[in-house]
Structure formats: structure tokens, C-alpha cells
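Engineer: Mind looking at a prediction? Sequence and model below.
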Amino acid sequence: MKKILLVEDDADLFVLLKYNLEKEGYALVGSHTGKGVLELCRRERPDLIILDIMLPDSDGLDICKSIRSHPELSHTPIIFLTARAAETDRIVGLELGANDYIVKPFFVRELIARIKIQFRGQATPARILKAGPLELDRNTMQVRLNGSLLALTATEFRLLEFLMSRPEVVFSREQLLDSVWGHERAVTDRTVDVYILRLRQKIEADPSNPQMIRSVRGFGYTFAVDTEETAGKHSPAVTHS
């Protein structure tokens, strides 16, 4: 099921769109204000974002720029839904990275049709990630080791999911903070070390000699076991900020 994040301050329009989008089979989450939208996107990982420009506390254009600059959200389709109808507004919105620009008033069926266009050819991520005895279910947010359910916090789950879905890629602490904790954070890079240690204690047979979450001296951390999504072994690749 595709998840759509709706940012719209008009309460009546929000309810109308929620009803129609859910009727089409989409899951919908949203906000009536712009505050905290980046964090909401990072937490919910929507498949598409519908974004108003004129919000009571924020500028949708600035939100769009923030989403496009976030490493984990940069490719998420964004549709502006706004009363700004001038040609220059459309151009600015599209140049900032929006995939589509719809002017109010509009037909709901047209919006749904344009949403479907964005989803055409969009790959659906695997629901379950597996690495040896470790299994992570993205839908239920559960992790099992040798069939036994592990007790992970939400942050531990997000960190493990991020690493498991990118096996053999080396990430710096700063990159992990941006991708897992988000830009709106009040933690330091040492926080990553603490959470890595906690995960190792829960998933590694010998936490002092980790075989899955490995340290790469001078760089950061990598998930060293191929998941079900990866074909074959390969040398670690280092990402750059």
C-alpha cells in the first residue's frame, strides 16, 4: 500500500482528500502546519508528498527545498497543491524540485490521476529484509533473530533498517545522523556509537567481535552481510557527503 503525506492547512479540504485517497487504497498521514514536516517525512517515509505552499507557519517552497536536500527523502515525489496560480509561481515550484504543480480549485479525480502518474514504474521496496538469521519486517516494524522477536526501540529499528537496506556501503556518523535522526536533531555523533553498541548487543552472536554491523576505521559503519535484496558479495563502497 502506497503511503501519501498531505500537508494542507484547510481542514475541510484535508478531510475531503483523506477520504478520497483512502478510498483509492492509499494510506494517508499528514499535517495542517509546516512545522515538523521534515521530521514527519523522515519518520513516515511516504511514497509521495502533497504540499501546500501557503501554510500558516511555513513556506511550502522552503519545505520542498529541505526535503530535496535530505539524503533519504530527496527522490520522494512532491506535488504542490496551492492557490498560487501565476506562471512564475509554477516555474519556481518546479525548479525547486516539485514533480507536479496543481492549482486550486481543482478536481479530485485529476489529482488522483496525477498521483498515479507519479507511481508508474516506481519500484516497491521489499517488505522483509533478511541477512542470515536476522529478519526485519518494514510493515510490522518487527525484527527477529533465529525466529525470536527482538525488543528494539523505534530509533534502533530505523538505524538497523537503514544499514540492512544498504549492505556493504560505509556511512559516516554524520551521514547516519542525517538519515536516521534527521536534520532537526539535538544529538551528537557519539550518539551513533551508543546505538550501534546497543544493536550489536541484540543481534550479534559476539558483540565484541561483530560480524554484521562492522566498524570501518577512519570512516564509520557498514552492514557487512548481504541481504535478500543484494546479489552476491562485493567490496565495501564509501559514500561521500
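Structural biologist: Sure thing, it's come through. The model shown is predicted, which means the values in this text are computed figures rather than measured ones.
Engineer: So this protein: which segments form each domain?
Structural biologist: Split into domains by automatic domain parsing, the chain comes to 3-119, 128-238.
Engineer: mind giving me CSV with those domains and columns for mean neighbour count and mean pLDDT?
Structural biologist: Where you see a C-beta, it was placed from the backbone N, CA and C, and this is true even at glycine. Converted to CSV, these look like this (neighbours: other Cβ atoms under 10 Å; pLDDT from 0 to 100):
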stretch, mean neighbour count, mean pLDDT
domain 3-119, 17, 91
domain 128-238, 16, 83
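Engineer: Make sure residue 57 is indeed in a helix.
Structural biologist: No. Applying DSSP: H, G, I helix; E, B strand; the rest coil, one finds residue 57 to be coil, outside a helix.
Engineer: hang on, it packs against residue 34?
Structural biologist: Yes. Assessed by Cβ atoms under 8 Å, residue 57 is found in contact with residue 34 at 5.6 Å.
Engineer: what residue lies at the spatial centre of this protein?
Structural biologist: residue 45 (3.2 Å; Cα atoms, centre = their mean).
Engineer: hang on, it packs against residue 3?
Structural biologist: Yes. Using Cβ under 8 Å, residue 45 is in contact with residue 3, at 7.4 Å.
Engineer: Quick one: residues contacting the residue nearest to the centre of the chain.
Structural biologist: 3, 72, 73 (Cβ atoms under 8 Å, 6 or more residues apart in numbering).
Engineer: Using CSV, lay out those together with distance to residue 111.
Structural biologist: Shown next, in CSV, are these (distance: Cβ to Cβ, whole Å):
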residue, distance to residue 111
3, 16
72, 25
73, 21
